[in-house]
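# got a predicted model here, sequence first, then my questions.
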Amino acid sequence: MDMKLAGPMDGIEAAGEMHRRRDVPIVFLTAYSDAETIERAKETAPYGYLLKPFDSQELFVTIEIALHKHKIDREKDNLMRELNAALEKVKLLSGLLPICFSCKKIRDDAGYWRQIERYIEDHSEAIFSHGLCPDCAQKLYPEHFSKKPAA
């Protein structure tokens, strides 16, 4: 992006608009190196700032580095979004959960006692299916279990 543009806005204003509207890396190419111009340019978060006259190899390298850094920044942003989403999931079932020692119902934030399965389903992505463990099956339906033969 050059600082001098034909039209109503200069290069810094145009870069600011591009930064707001689209996620593109900006490299400034300009003859201006005064403190005020540099401070204005910094507000657009450029990936480079080259002074004229410039060397074409230096411009090429600066653009290559800007594109690479932009790619890394996007990857970092995506990882941060994934990490924040994972942290939100971790927060779902953290803290103290009052549970009845007899029926195993959980007291929710509103003070109501609810089945543990319903509470966990509402606060996580878990889905329950039910079965009967061998110990409970024998306790509840002893008639279906034969006694061991005498040796």
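Sure, I can see it. Keep in mind that what you see is a predicted model, and the values were worked out from it rather than measured.

# quick check: residue 29 is in a helix.
No: counting by DSSP: H, G, I helix; E, B strand; the rest coil, residue 29 falls outside a helix, being strand.

# can you get me a residue count around it?
Residue 29 has 17 neighbours, counted by other C-beta atoms under 10 Å. To be clear about C-beta, it is placed using only N, CA and C from the backbone, and glycine gets the same treatment.

# and the helices in this structure?
Ranges of helices within the chain are 11-21, 35-42, 56-92, 116-122, 134-140, based on DSSP state H.

# redo the ones you listed as a markdown table? Include mean pLDDT, distance to residue 27 and mean neighbour count.
Converted to a markdown table, the helices of the chain look like this (pLDDT from 0 to 100; distance: least, C-beta to C-beta, whole Å; neighbours: other C-beta atoms under 10 Å):
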| stretch | mean pLDDT | distance to residue 27 | mean neighbour count |
| --- | --- | --- | --- |
| helix 11-21 | 88 | 9 | 16 |
| helix 35-42 | 92 | 10 | 13 |
| helix 56-92 | 91 | 5 | 11 |
| helix 116-122 | 85 | 50 | 15 |
| helix 134-140 | 90 | 69 | 10 |
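
# quick one, domains of this protein?
Taking automatic domain parsing as the reference, the chain has its domains at 11-92, 106-144.

# now these in a markdown table, with distance to residue 4?
Shown next, in a markdown table, are the domains of the chain (distance: least, C-beta to C-beta, whole Å):
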| stretch | distance to residue 4 |
| --- | --- |
| domain 11-92 | 7 |
| domain 106-144 | 55 |
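
# sorry, back to before: okay if I get the helices of the chain as JSON lines plus distance to residue 98?
JSON lines is the format used below for the helices of the chain (distance: least, C-beta to C-beta, whole Å):
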{"stretch": "helix 11-21", "distance to residue 98": "49"}
{"stretch": "helix 35-42", "distance to residue 98": "53"}
{"stretch": "helix 56-92", "distance to residue 98": "17"}
{"stretch": "helix 116-122", "distance to residue 98": "11"}
{"stretch": "helix 134-140", "distance to residue 98": "24"}
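
# nearest to residue 99, of those?
Residue 99 lies closest, by C-beta to C-beta, to one member of the helices of the chain: helix 116-122, at 7.0 Å.

# check what contacts that closest one and list those residues.
93, 97, 99, 104, 105, 106, 108, 126, 127, 128 (C-beta atoms under 8 Å, 6 or more residues apart in numbering).

# no further queries at this time; thank you.
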